[in-house]
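Chemist: Take this sequence and fold it.
(one chain, ligands or ions: 1)
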Amino acid sequence: MARVKLVNVVKRFGEVVAVDHVNLDIRDGEFFCLLGPSGSGKTTILRLIAGLEYPTEGEIYIDDRLVNDIHPKDRDVAMVFQNYALYPHMKVFDNIAFPLMMRRKQLKLSKDEIRRRVIEVARMLRIEHLLDRKPSQLSGGEQQRVALARALVRQPKVFLMDEPLSNLDAKLRLYMRTELRRLQRRLGVTTIYVTHDQVEAMSMADRIAVINKGRVQQVGTPDELYNKPANIFVAGFIGVPPMNMIPCKISVEDGNPLIVCEGFKKQLDREIYDIIEKRGYGPEVLLGLRPEHMKISREKTVDSIEAEVLLTEPLGSEVIVNVKLGETIVKIRAPPGTNYAMGEKVYVVIDWSKAHLFDRETEEAIV
Ligand code: ATP
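Modeler: Numbers count the residues shown, from 1 in each chain. Purely as a prediction, here's the structure:
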């Protein structure tokens with residue numbers, strides 16, 4: 001088990017800044033996800049921790065030991081990358097057993113013990129029946145699971161995983177997420193897991209670092225990221241459907257601060273207005289509303305806002321209703337069975353206690 005720390009780490013490839021002053025403190029035994037879109041620098045961060053890349057600036061620590069100059073094989077990390085490399089001439093069993101065979105004497109492992117560990121991990125990954133095959137006789141998803149098994153069998157200080165489930169079909173991926181998480185809990189090995197799939201990160205991680213353009217946008221538990229996104233990028237990246245963003249303005253009428261949006265306005269708490277004034281935010285803001293924090297109905301009420309239905313998407317367990325609110329199209333979560341005609345006039349009630357406000361210019365969360 002180990003703690004992994006990155007201090008002001010920068011990685012440049014010529015003109016490209018792949019990793020831009022990244023600071024991370026990953027706790028002992030934690031399941032930590034690096035989440036971000038393609039090209040955001042996740043793999044590069046993982047490769048830096050593994051020792052496959054050298055940082056242009058900054059320090060990397062594993063258990064308080066500076067590892068910048070330590071060879072990958074002396075870092076005691078096990079890696080599973082997108083492009084797994086299996087030994088083509090070896091059977092699956094020997095591929096998985098290889099890291100243990102290499103260090104058999106050092107680890108004082110008997111052949112029986114190695115066999116037991118290989119079978120245990122193969123069973124968990126549902127590849128027990130493939131142990132006598134060669135890699136060329138396996139599908140892509142099976143090869144990926146063999147690569148995963150080879151890493152898991154070792155019990156190193158740190159697991160580094162780069163989209164290890166990407167080649168699996170949807171059902172197997174769901175099963176593997178749970179199994180991997182259970183195994184990690186049992187072994188307690190610090191795990192750093194790269195994915196661009198926010199559902200995967202949210203369902204597996206203790207904490208997540210959201211990365212964009214080489215920079216850490218926010219680090220937090222899945223709940224923190226969902227309920228208190230630090231900026232527009234995180235708010236839009238976490239959650240399906242994503243948070244609705246409605247362009248509004250902050251203004252003051254008769255001494256009262258207001259949020260003024262197309263078709264409706266709302267009194268703003270004095271405390272929030274003070275923050276806006278103090279930090280120089282606004283007047284252009286985005287009102288952020290999760291699809292479940294708006295209610296739709298045919299009944300007009302005092303605080304409802306008129307809207308027009310564009311489309312309903314029945315998803316079985318819920319219905320997503322797309323409505324035009326002012327000039328913005330928003331998605332609203334509704335119970336199963338909800339049915340509106342295209343073009344129907346409806347009334348939307350916002351749960352203001354759950355609303356978010358972002359500054360347009362800095363893209364930072366105001367509340
Ligand atoms: P993906 O999810 O697509 O794998 P990623 O978030 O893991 O993406 P990286 O692979 O870390 O992103 O790449 C970050 C940036 O660095 C990209 O712009 C990429 O083109 C660039 N990059 C990565 N490796 C190199 C390299 N060896 N030489 C030059 N540029 C590189």
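
Chemist: Low-confidence stretches in this protein?
Modeler: For the chain, residues meeting the criterion pLDDT under 70 lie at 1, 82-83.

Chemist: Most distant residue from the centre of it?
Modeler: Farthest-out residue of the chain from its mean C-alpha position, per CA atoms, centre = their mean: residue 254, at 44.5 Å.

Chemist: so how many other residues sit close to the residue nearest to residue 361 when sequence neighbours are not counted?
Modeler: The spatially closest residue to residue 361, leaving aside those adjacent along the chain, is residue 284, at 6.9 Å (CB to CB, 6 or more residues apart in numbering). For every residue, glycine as well, the C-beta is placed using N, CA and C. Neighbourhood size, residue 284 [other CB atoms under 10 Å]: 13.

Chemist: list the contacts for residue 284?
Modeler: For residue 284, the contact set (CB atoms under 8 Å, 6 or more residues apart in numbering) comprises 247, 249, 359-361.

Chemist: Bridge partners for it, pull those for me.
Modeler: Here residue 284 shows beta-bridge partners residue 249, assigned using DSSP bridges.

Chemist: ok, now how distant is it from the ligand?
Modeler: 30 Å (CB to the nearest ligand atom, to the nearest Å).

Chemist: swap in residue 176?
Modeler: 19 Å.

Chemist: I'd guessed that residue sits against residue 168; true?
Modeler: Yes: contact criterion CB atoms under 8 Å: residue 176 and residue 168 qualify, at 6.2 Å.

Chemist: shared neighbours of the two, anything?
Modeler: residue 145.

Chemist: From the ligand, how far off is the residue lying closest to residue 127 once chain neighbours are set aside?
Modeler: Excluding its sequence neighbours, the residue lying closest to residue 127 (CB to CB, 6+ apart) is residue 145, at 5.1 Å. Distance from residue 145 to the ligand, counting by CB to the nearest ligand atom: 20 Å.

Chemist: Please identify the helix or strand for residue 145.
Modeler: Per DSSP states H and E, residue 145 falls inside helix 140-152.

Chemist: neighbouring contacts of the longest helix along the chain?
Modeler: Identified as the longest helix of the chain according to DSSP state H is helix 170-187. With contact meaning CB under 8 Å, 6+ apart, helix 170-187 is reached by 31, 124-126, 141, 145, 148, 152, 155, 159, 164-165, 168, 191, 200, 203-204.

Chemist: Just after that helix, pick out the following helix or strand.
Modeler: That would be, after helix 170-187 and using DSSP H and E, strand 190-195.

Chemist: and the angle for that next one with helix 170-187?
Modeler: 160 degrees (axes from the mean of the first three to the mean of the last three CA atoms, to 10 degrees).

Chemist: Mind checking if the very next helix or strand once past strand 190-195 is in reach of the ligand?
Modeler: Using DSSP H and E, the helix or strand that follows strand 190-195 towards the C-terminus is helix 198-204. No: for helix 198-204 and the ligand, the contact criterion (CB under 6 Å from any ligand atom) is not met; the two come no nearer than 12.4 Å.

Chemist: tell me what helix 198-204 is packed against?
Modeler: Judged by 3 or more CB pairs under 8 Å, 6 or more residues apart in numbering; DSSP states H and E, helix 198-204 is in contact with strand 31-35, helix 170-187, strand 190-195, helix 222-227.

Chemist: ok, now which ones touch the residue in the stretch 151-300 of the chain that the ligand sits nearest to?
Modeler: Going by CB to the nearest ligand atom, the ligand is nearest to residue 196 of the stretch 151-300 of the chain, at 4.9 Å. Residue 196 is in contact with 35-38, 42, 163, counting by CB under 8 Å, 6+ apart.
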